[in-house]
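Chemist: Just need the structure, nothing else, for what follows:
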Amino acid sequence: MLETVRKAFTIKDIRNRILYTFMMLVVIRIGSQLPTPGVDATYIKSFFDQNAGEAFNLFSAFTGGSFENMSIFALNITPYITATIIMQLLTIAIPSLEEMQKEGEDGRKKIVTITRYLTVGLALVESLAMAIGFGRQGLLVEYNFVNAAIVVLTMTAGSALLMWIGERITENGVGNGISIVLVINIISRIPSDITTLFDQFVAGRSLASGGLAALIILAIILVLVIFVVILQDGERRISVQYSQKVVGRRMYGGQSSNIPLKVNTAGVIPIIFASSIMQFPIVIASFAGADTGTGIGSEILRGMNQNNWLNPQQMQYSIGLIVYIILTIFFAYFYTSITFNPQEIADNMKKSGGFIPGIRPGRPTVDYLQRILNYIIFVGACGLVIVQVVPIFFNGVFGANVSFGGTSLIIIVSVVLETLQAIESQMLVHNYRGFLNT
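Modeler: Alright, predicted model coming up:
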């Protein structure tokens, strides 16, 4: 990894791209500290302190703390992430969008344009909801139309600007710009999380017990990182043989290839979906001021709150963790089913004269691919469950409540690997051009 980065800096074009990316990230972090006019940031901080949970921690990590500070980038790129997921689902549900996606580069540009407009629309709706809902409860220093309009316009413009910066990084920098913006936001929260863990488990203890606690924390983080790397890079390769064809006096084909199926086919999407569904009722109840009480509704809300899971004094609420795990596995199957079509792959193989050794073309190939895919999805979903449950376990048993969890770890590892691959690809292109020029 370090060798790849070192070699990249020796090539002027790639070095300029890396520096461009770095400067854009500096702009993002500066903007994350600039406060939105007319907002009382202490209100949001107290709100987060009272309503800690997976969804709030995830949102805090995705925004790099800018939401808690109510900066001009308070919404960050979360509207873009939501818009992208919505477009992926709509592409499957709406035939016209599916055809547009198959049109190649022109179709992709049209979908990107629609995603941009949808991002701005979502940012406008979210900022309106916050300005009105939170504004009445103390978010705005003075609740009136002018202050509310300023907050709405500032947050919407901030989200649109971050989307533009992400696209510029993709075009002029290295890697996927939106992913890199998301990762830098998550990484920016790590120092405060480490400080929280240090104050809670290391500070004030003897050298032996404090050192042992620090070693255990580092060992757990290291094991999780290694596990996530294996989970993200793991794949099942299905061999494909292409039959030989005789054209005139020449023989074509006969080569072998493979279909790589990633173990974690759905990425981090299942965790995000499951977390959103579990925490959405809690968010609504918090806005309405109905998140406290002793009735059956309040008990259900406590069971849906991650902070109450695996707590030895309140084990009855851990039923929510079981529901969370079931939702994660369900969305792993659901999301993969709408993004990976065995029938389409089997048809393309048949048209190209390819077949899986030992499997007949047509329906047997579809059934075989579906069977292998179901097995891989289950293995990947179990891996996601392990990554998400470990932080929940330490939060419930030891009270280690930090924004950096399994979801953040998966995103960081996948984006870092993706960015390094992008750098290596650009280095190969540069060497190839140099060979041609020679």
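Chemist: After the helix-or-strand element of the chain with minimal mean pLDDT, which helix or strand is next?
Modeler: Ranked by mean pLDDT, DSSP states H and E, the helix or strand of the chain with the weakest confidence is strand 250-253, at a mean of 57. Scanning forward in sequence from strand 250-253 by DSSP states H and E, the next helix or strand is strand 256-262.
Chemist: So the closest residue to residue 259 other than its chain neighbours: helix, strand or coil?
Modeler: Nearest residue to residue 259, sequence neighbours excluded (CB to CB, 6 or more residues apart in numbering): residue 238, at 4.4 Å. In this view, the C-beta of every residue, glycine as well, is placed from N, C-alpha and C. Following DSSP: H, G, I helix; E, B strand; the rest coil, residue 238 is assigned to strand.
Chemist: Now do the contacts for residue 238.
Modeler: Contact partners of residue 238, counting by CB atoms under 8 Å, 6 or more residues apart in numbering, are 258-259, 261, 356, 369, 372.
Chemist: pLDDT score assigned to residue 157?
Modeler: In this prediction, residue 157 carries a pLDDT score of 95.
Chemist: Look up the closest residue to it, ignoring the ones flanking it.
Modeler: Per CB to CB, 6+ apart, closest to residue 157 is residue 72, 7.7 Å.
Chemist: Local confidence estimate at residue 325?
Modeler: 91.
Chemist: do the same with the one 3 residues further on
Modeler: We have a pLDDT of 90 for residue 328.
Chemist: That one: how many residues sit nearby?
Modeler: By other CB atoms under 10 Å, 23 other residues sit near residue 328.
Chemist: Whichever strand or helix holds it vs strand 256-262, what angle?
Modeler: Following DSSP H and E, one finds residue 328 within helix 319-339. For helix 319-339 against strand 256-262, the angle by axes from the mean of the first three to the mean of the last three CA atoms, to 10 degrees is 150 degrees.
Chemist: what packs against helix 319-339?
Modeler: helix 78-93, helix 269-288, helix 296-304, helix 363-398 (3 or more CB pairs under 8 Å, 6 or more residues apart in numbering; DSSP states H and E).
Chemist: May I see those organised as TSV, with mean pLDDT added?
Modeler: As requested, those are arranged in TSV below (pLDDT from 0 to 100):
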stretch	mean pLDDT
helix 78-93	84
helix 269-288	75
helix 296-304	77
helix 363-398	88
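Chemist: Mind putting those into a markdown table with distance to residue 149 and mean neighbour count?
Modeler: A markdown table is the format used below for the helices and strands packed on helix 319-339 (distance: least, CB to CB, whole Å; neighbours: other CB atoms under 10 Å):
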| stretch | distance to residue 149 | mean neighbour count |
| --- | --- | --- |
| helix 78-93 | 19 | 18 |
| helix 269-288 | 21 | 19 |
| helix 296-304 | 33 | 16 |
| helix 363-398 | 39 | 18 |
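Chemist: With respect to residue 186, which of those helices lies nearest?
Modeler: helix 78-93 (12.4 Å; CB to CB).
Chemist: quick one, the closest one and helix 269-288 angle?
Modeler: Orientation of helix 78-93 against helix 269-288 (the same axes, to 10 degrees) gives an angle of 120 degrees.
Chemist: OK, contacts around the nearest residue to residue 269 once chain neighbours are set aside?
Modeler: Spatial nearest neighbour of residue 269, excluding adjacent residues (CB to CB, 6+ apart): residue 335 at 5.0 Å. Shown in contact with residue 335 (CB under 8 Å, 6+ apart): 266, 269-270, 273.
Chemist: ok so, going back, can you tell which of the helices and strands packed on helix 319-339 is closest to residue 348?
Modeler: Per CB to CB, nearest to residue 348 of the helices and strands packed on helix 319-339: helix 363-398, 10.7 Å.
Chemist: Enumerate the positions of stretch 235-242 that are buried.
Modeler: 236, 238, 240-242 (16 or more other CB atoms under 10 Å).
Chemist: Please identify which pair of these lies farthest apart.
Modeler: Greatest spacing in the buried residues of stretch 235-242, by CB to CB: 236 and 242 (19.9 Å).
Chemist: Tell me where the stretch 51-200 of the chain has strands.
Modeler: Using DSSP state E, counting those that start in this stretch, no strands are found in the stretch 51-200 of the chain.
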